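1. Give me a 3D structure for the following:
(chains A, B, C and D)
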Protein chains: 2
Amino acid sequence: MERNLSLNLHVLTARLDRAADRILRAEHDISYSRFLALTLVGELEASTQRTLAEYLGVTEPSVSRMTGVLAADGLLDVQPDPAGGNRRRLSLTDEGKRRVASIRQEFEDRLAAVVAASGVPYAEYAEHTARLLTTFDRLEREAGK
Amino acid sequence: MERNLSLNLHVLTARLDRAADRILRAEHDISYSRFLALTLVGELEASTQRTLAEYLGVTEPSVSRMTGVLAADGLLDVQPDPAGGNRRRLSLTDEGKRRVASIRQEFEDRLAAVVAASGVPYAEYAEHTARLLTTFDRLEREAGK
DNA sequence: GCAGCTAACTTAGCAAGCTAACTTAGCCAA
DNA sequence: TTGGCTAAGTTAGCTTGCTAAGTTAGCTGC
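-> Below you'll find the predicted structure:
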């Protein structure tokens, strides 16, 4: 079959994401992408949409729509930046915080179980993945892009 | 920031896929997902849509639509299985073969360059990724799913 | 004090995932 | 030979990526 790295990464991630999405929808009534967005807003502390797009690895229009639906669902608070400029301050509502907190560790634990079952050394694989991301990021930035 | 493995895999793959998509559209006038589908049909030798879905890591409806547009574009040949049953035989047209062959090695080479720049050992990372995929697959199957 | 610039965001429309529900084709048992 | 079963594929409708193009808010120089 000769499956290569890029294809395997693509398929592995697609499956993990899909599994995560099913679990979250079934048990917590939220999609995986919405959960990721809320998680990062929580971690980034009152950032802008542009920053969130950067961290999520998606484009600004995608974030624009996402913040719209999350705000409509009462999970996210979107306010004009008091410091001025055409910016929005993003923060979690109480309900948003509650939702994220209740899910928090669950996923990493489940993924860790898969990793353990596979015999792949977790720390090393995680470190390699993080390093690849950083490198790819840098190369794209250098390429002018 | 404390970015975890599942998020990093998600973001890394999203970026790689997006970059691949841009290159393919610009230089070869085809999207990345269509290219992947054609590649796998080539490797799987006259398989069914269900098998292709399995290998691509997507659902059957997605493959159904994809084979439709690829056939309409003259890249894929979709025929009822002569052996009977409600199946389709998938194979590449000459144009499809030409297209896949002309792109073939390019991506793995580009990705290998990124991996090299990051200092991550390619063979090991590829092996770990493949192992995780196999394990996840097995666990999902065992879970009855 | 307005022209132009830049940064941040939005709108519009397309591509391609997904789930749920349906259809089609062959098989098998009564 | 028909009624149900299973496997494979399709349809419908939603979500959420994307790009291209447009808008809005403040800044800067004349």
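
2. Say whether DNA strand D is contacted by the helix ranked longest in chain A.
-> Ranked by residue count, the top helix of chain A under DSSP state H comes out as helix A:5-28. No - contact of helix A:5-28 with DNA strand D is not found when judged by C-beta under 7 Å from any atom of the strand; the minimum separation is 8.4 Å. No exception for glycine: its C-beta is placed from N, CA and C like everyone else's.

3. Repeat that for stretch A:93-106.
-> No - in this structure, stretch A:93-106 remains apart from DNA strand D according to C-beta under 7 Å from any atom of the strand; the gap is never smaller than 13.9 Å.

4. Outside of that stretch itself, list whatever touches it.
-> Identification of contacts with stretch A:93-106 by C-beta atoms under 8 Å, 6 or more residues apart in numbering or on different chains yields A:24, A:28, A:30, A:35, A:38-39, A:41-42, A:70, A:74-77, A:92.

5. can you pull the buried residues of stretch A:5-23?
-> Of the residues in stretch A:5-23, those with enough neighbours to count as buried (16 or more other C-beta atoms under 10 Å in any protein chain shown) are A:5-17, A:19-21.

6. ok, and which of those residues reach chain B?
-> The overlap between those and the neighbours of chain B (C-beta under 8 Å from any C-beta of the partner chain) comes to A:5-17, A:19-20.

7. residues making contact with stretch A:128-136?
-> Under the contact criterion C-beta under 8 Å, 6+ apart, stretch A:128-136 has outside partners B:3, B:5, B:8-9, B:11-12, B:15-16, B:19, B:114-115, B:117-121, B:124-125, B:128.

8. Are the longest helix of chain A and DNA strand C in contact anywhere?
-> Yes - when contact is scored as C-beta under 7 Å from any atom of the strand, part of helix A:5-28 falls within range of DNA strand C: A:14, A:18, A:21-22.

9. and chain A, which residues reach DNA strand D?
-> Going by C-beta under 7 Å from any atom of the strand, the residues of chain A near DNA strand D are A:31, A:33-34, A:57-59, A:61-62, A:65-66, A:69, A:84-86.

10. which non-adjacent residue is nearest the residue nearest to the spatial centre of chain A?
-> The geometric centre of chain A, computed from its C-alpha atoms, lies nearest to residue A:36 (C-alpha atoms, centre = their mean), at 3.5 Å. Nearest residue to residue A:36, sequence neighbours excluded (C-beta to C-beta, 6 or more residues apart in numbering or on different chains): residue A:56, at 6.3 Å.
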